[in-house]
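> Got a predicted structure here, sequence first:
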Number of protein chains: 2
Amino acid sequence: MAELGRFKSEFFKALAHPLRIAVLDGLRQGELGVNELCNFLKVEQSTLSQQLSVLRTRNIVVGRKEGSNVYYSVRDPAVFKLLDVAKEIFNNHLIDVRDLLSQIESPMAGGR
Amino acid sequence: MAELGRFKSEFFKALAHPLRIAVLDGLRQGELGVNELCNFLKVEQSTLSQQLSVLRTRNIVVGRKEGSNVYYSVRDPAVFKLLDVAKEIFNNHLIDVRDLLSQIESPMAGGR
DNA sequence: GTGACATATGTAGATGTTTATATATTTGAC
DNA sequence: GTCAAATATATAAACATCTACATATGTCAC
């Protein structure tokens, strides 16, 4: 099933950018306007729009136009699961580092 | 916590390659030697080694040297969760496409 | 030591991504 | 229609990644 592998890699590529992740994290609460996102994330409008375009192209995010404003939301909430698991992995790594440090201080004292 | 965002994006970048995903999928069953991976994935040895190096550098995978062989394994099983969620999202998209198709065939018949 | 094997690294051209800046498009107010 | 605001797109330079191929390193058997 190479199709799935390519899909996954495309998908992860879409997430592989700090600003895009920040956008998705911002959209956890639901829909947000471009302006709100722009102020919240403190980035140039065109910078944000470029990254929104990436997320839109990959079908991760969808924009709803209302007047001259556009409100974005995440298409599939499973995306948040992905971010949560990434955070979990990050935390696991922190624990590794902590364990390593405590082993240096008092060897053989607190194994996992 | 911008640190976390950068970590996540680095992490997703590490996953954003079909071969690297194939490697990780291969390692679901546990440890595998480079040679086994090489035959299984049908890629050049150096190509595989390059991508293993990426996964190693980002601490996603770890190599255990035994004689002249090296056996790789995934450092944190949560990585597999990540791949599973990606698959889930892929499947959700397939359903979207199916719905779209059925709506074209018989409009207003099977809304979500 | 030599030779063969397993794995890793270096290099370079092609390709893709990021970033800032400029410009275009769309919409609403007038 | 003009003007301003909101959003999107184009462009180009800097930078990173990918790929194939060549070469290096490490280990074992002899």
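All right, it came through fine.

> so what's the backbone phi/psi at A:Arg58?
Main-chain torsions, A:Arg58, degrees, to the nearest 10: phi -90, psi 10.

> Distance-wise, check the residue nearest to it when sequence neighbours are not counted relative to A:Val61.
Residue nearest to A:Arg58 in three dimensions, not counting chain neighbours: A:Ala14, with 4.1 Å by C-beta to C-beta, 6 or more residues apart in numbering or on different chains. Using the backbone N, CA and C atoms, a C-beta is placed for each residue, glycine as well. Here A:Ala14 is placed at a distance of 9 Å from A:Val61 (C-beta to C-beta, to the nearest Å).

> Mutual contacts of the two, please.
A:Leu55 (C-beta atoms under 8 Å, 6 or more residues apart in numbering or on different chains).

> my read is the residue nearest to A:Arg58 is in a helix, agree?
Yes. Per DSSP: H, G, I helix; E, B strand; the rest coil, A:Ala14 lies within a helix segment.

> That one: what's it in contact with?
Counting by C-beta under 8 Å, 6+ apart, A:Ala14 has contacts A:Arg20, A:Val54, A:Leu55, A:Arg58, A:Ile60.

> Buried members of those residues into PyMOL, please.
The following PyMOL line selects those of these that are buried, judged by 16 or more other C-beta atoms under 10 Å in any protein chain shown:
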select buried, chain A and resi 20+54+55+60
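
> with the contacts of A:Ala14 in mind, which one is nearest to B:Cys38?
A:Arg58 (31.0 Å; C-beta to C-beta).

> Could you point out which of the contacts of A:Ala14 is nearest to A:Pro77?
Among these, and counting by C-beta to C-beta, the member closest to A:Pro77 is A:Ile60, at 11.4 Å.

> Help me confirm that that closest one comes into contact with A:Ala78.
No. Assessed by C-beta atoms under 8 Å, A:Ile60 is found out of contact with A:Ala78, at 10.5 Å.

> Show me the strands in chain A, by range?
A:32-33, A:61-66, A:69-74 (DSSP state E).

> Provide a list of residues in contact with A:Leu48.
Counted by C-beta under 8 Å, 6+ apart, A:Leu48 has contacts A:Leu19, A:Val23, A:Val34, A:Leu37, A:Cys38, A:Leu41.
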